[in-house]
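Visitor: whatever this is, show me its structure:
(chains A, B, C and D)
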Number of protein chains: 2
Amino acid sequence: MTEVVRRSDRTRSAILAAARERFAADGFERATIRAIAADANIDPSMVMRYYGNKERLFAAAAEFDLRLPDLGAVPRTRTGRVLVTHFLDRWEEDETLQLLLRTASTNQAAVERMQTIFASQLLPAVAALHPPSTEPADIARRAGLAAAQILGLALCRYVLRLPPVVTMDRETVLDWVAPTVQRYLTGTPGSSGRRG
Amino acid sequence: MTEVVRRSDRTRSAILAAARERFAADGFERATIRAIAADANIDPSMVMRYYGNKERLFAAAAEFDLRLPDLGAVPRTRTGRVLVTHFLDRWEEDETLQLLLRTASTNQAAVERMQTIFASQLLPAVAALHPPSTEPADIARRAGLAAAQILGLALCRYVLRLPPVVTMDRETVLDWVAPTVQRYLTGTPGSSGRRG
DNA sequence: CTTCGATGTCAACACGCGTTGGCCTACACT
DNA sequence: AGTGTAGGCCAACGCGTGTTGACATCGAAG
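Guide: Next up is the predicted model:
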């Protein structure tokens, strides 16, 4: 079974790239099959041929891997900084995260994708920071709080474009936000962050 | 000039209430004039008569006042807790905030409304915590960070419905998030919160 | 009682959408 | 050269939308 490169593969990926761009920019409803097809320089009916319908095209475009590092392998006091840095990178190199954030407000499929990514990618990464005996609810809460902070930052920076949040350079963001995430991951409610 | 109560006022406000509900639940595009009119038990053309078009109806439905307390009047170490408490109340008693959060992802008007609310309501409230000589950029950054944390919490709790964030009771949320906001408002990047 | 504006209904328009099916074209294989 | 098939285009469908204008009804003022 050698992998044959079909001629259609180029078209398929052109459609997917255009779809990601349009969905990220306009959301699910306002991104039209016609516009996506035009961006990919093909006929709208091709989109249907390859992806069946708009929903399935969206599902394909919303496929996403956070590629989280192994948080257990970095110094415990630096996990917050590492995680926030990683997310900033990911936001800026792959528009799929913006796509999900934009569409999740109106699209149930996107919400479910977000929930899945949270449960299957972020949660295990946070769990790696704590002994197996730790209460699952504790770990889940920590992951949820970290997600809230990180997604809120992305929302204000990339979607709402609140001027002061857009202007802040990477280092400033890290200096302020990393300690917060650090506390959520390994600290206690009132404290600044260090704990066993 | 006595205020005359027109018979149409009931209809107007019925439309507005239905519009808020639909926009909050479905977003701008999927909330249809027909559905809103049906909820208000009137004809779709009435909506046009009273609000002109869908955009203006949305603008009317998205009118919002945060009703922020005077942060200068509460003990300095409790501003974080007060602010987060106030937002939790506001989220739950007035669906307009959810409406804005949901629609801002796809609707430019909602984005601008959010930016305006930030600049004209949150920013001054934060400014009241600092001497007039404070750098405006510093105040804006603090307000932006607080907004990111609070909106991220709302996003995960009310829109994405991440289970651990939904489950957390009010007190737990406050114990974790209030110190963060406190630090953003009055602390320094690395610290836990107290400063002049 | 008549009149007239405010309030509300009905039917229809034009448009853009997702989606479909038939047709054309190019290329690999015999 | 002939043929089968994958890749691609075109024109059209049915539908729901925002929006419009003509018509009905109510309630107060003359």
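Visitor: for the nearest residue to A:Thr11 once chain neighbours are set aside, what are its contacts?
Guide: Once flanking residues are discounted, A:Thr11 sits nearest to A:Ile42: 6.0 Å by C-beta to C-beta, 6 or more residues apart in numbering or on different chains. From N, CA and C alone the C-beta is placed, and that goes for glycine too. Neighbour list for A:Ile42: A:Thr11, A:Ala14, A:Ile15 [criterion: C-beta atoms under 8 Å, 6 or more residues apart in numbering or on different chains].
Visitor: A:Tyr51 too?
Guide: Neighbouring residues of A:Tyr51 by C-beta under 8 Å, 6+ apart: A:Ile15, A:Leu57, A:Ala60.
Visitor: A:Leu122 too?
Guide: Counted by C-beta under 8 Å, 6+ apart, A:Leu122 has contacts A:Leu66, A:Leu68, A:Ala143, A:Ala146, A:Ala147.
Visitor: what inclination does the helix or strand hosting the fourth one have with respect to helix B:136-154?
Guide: It stands for A:Ala146. Following DSSP states H and E, one finds A:Ala146 within helix A:136-154. For helix A:136-154 against helix B:136-154, the angle between stretch directions is 130 degrees (axes from the mean of the first three to the mean of the last three C-alpha atoms, to 10 degrees).
Visitor: list the buried residues for helix A:136-154?
Guide: With burial defined by 16 or more other C-beta atoms under 10 Å in any protein chain shown, the residues of helix A:136-154 counted as buried are A:139-154.
Visitor: near chain B, list only the ones from these.
Guide: Restricting the buried residues of helix A:136-154 to those within reach of chain B (C-beta under 8 Å from any C-beta of the partner chain) leaves A:Ala140, A:Arg141, A:Ala143, A:Gly144, A:Leu145, A:Ala147, A:Ala148, A:Gln149, A:Ile150, A:Leu151, A:Gly152, A:Leu153.
Visitor: can you tell me what sits against the helix ranked longest in chain A?
Guide: When chain A is parsed with DSSP state H, its longest helix is helix A:8-30. For helix A:8-30, the external contacting residues (C-beta under 8 Å, 6+ apart) are A:31-32, A:35-37, A:39-42, A:46-47, A:50-51, A:57-58, A:60-62, A:95-96, A:98-99, A:102-103, A:105-107, A:110, B:27, B:29-30, B:105-106.
Visitor: within reach of DNA strand C, which of those residues are there?
Guide: Among the contacts of helix A:8-30, the ones lying near DNA strand C by C-beta under 7 Å from any atom of the strand are A:Ala31, A:Thr32, A:Ala35, A:Val47.
Visitor: can you put the contacts of A:Leu122 in JSON lines and add pLDDT?
Guide: Output for these, formatted as JSON lines (pLDDT from 0 to 100):
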{"residue": "A:Leu66", "pLDDT": "98"}
{"residue": "A:Leu68", "pLDDT": "98"}
{"residue": "A:Ala143", "pLDDT": "98"}
{"residue": "A:Ala146", "pLDDT": "98"}
{"residue": "A:Ala147", "pLDDT": "98"}
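Visitor: any stretches of chain A with poor pLDDT?
Guide: Judged by pLDDT under 70, chain A has its weakly predicted residues at A:1-5, A:191-196.
Visitor: can you list the residues of it near DNA strand C?
Guide: Within chain A, the positions lying close to DNA strand C (C-beta under 7 Å from any atom of the strand) are A:Ala31, A:Thr32, A:Ile33, A:Arg34, A:Ala35, A:Pro44, A:Ser45, A:Val47, A:Met48, A:Asn53, A:Lys54, A:Glu55.
Visitor: by neighbours, which of those wins?
Guide: A:Ala31 (26 neighbours; other C-beta atoms under 10 Å in any protein chain shown).
Visitor: just give the nearest non-adjacent residue to it, would you?
Guide: Closest residue in space to A:Ala31, ignoring its immediate chain neighbours: A:Arg22 at 3.9 Å, by C-beta to C-beta, 6+ apart.
Visitor: likewise A:Ala37?
Guide: Closest to A:Ala37 by C-beta to C-beta, 6+ apart is A:Pro44, at 4.2 Å.
Visitor: try A:Tyr50
Guide: Leaving aside its sequence neighbours, A:Tyr50 sits nearest to A:Arg12 (C-beta to C-beta, 6+ apart; 5.5 Å).
Visitor: related to what we said a few turns ago, turn the ones next to DNA strand C among the contacts of helix A:8-30 into TSV, including distance to DNA strand D and secondary structure.
Guide: Output for these, formatted as TSV (distance: C-beta to the nearest atom of the strand, whole Å; DSSP: H, G, I helix; E, B strand; the rest coil):
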residue	distance to DNA strand D	secondary structure
A:Ala31	16	coil
A:Thr32	12	coil
A:Ala35	14	helix
A:Val47	10	helix
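Visitor: any figure for the gap between A:Phe28 and B:Pro75?
Guide: Between A:Phe28 and B:Pro75 the computed distance is 46 Å (C-beta to C-beta, to the nearest Å).
Visitor: same deal with A:Gln108?
Guide: Relative to B:Pro75, A:Gln108 is positioned 43 Å away (C-beta to C-beta).
Visitor: likewise A:Arg76?
Guide: Taking C-beta to C-beta, one finds A:Arg76 at 34 Å from B:Pro75.
Visitor: count of neighbours near A:Ala73?
Guide: A:Ala73: 8 surrounding residues under other C-beta under 10 Å.
Visitor: same question for the one 10 residues further on.
Guide: Other residues within reach of A:Leu83 by the criterion other C-beta under 10 Å amount to 26.
Visitor: can you pull the contacts of it?
Guide: By C-beta under 8 Å, 6+ apart, the contact list for A:Leu83 reads A:Leu68, A:Leu71, A:Ala146, A:Ile150, A:Val181, A:Leu185.
Visitor: so it is in which element?
Guide: Element membership of A:Leu83, judged by DSSP H and E, is helix A:79-93.
Visitor: in that helix, what's buried?
Guide: For helix A:79-93, burial by neighbour count (16+ other C-beta under 10 Å) applies to A:Thr79, A:Gly80, A:Arg81, A:Val82, A:Leu83, A:Val84, A:Thr85, A:His86, A:Phe87, A:Leu88, A:Arg90, A:Trp91.
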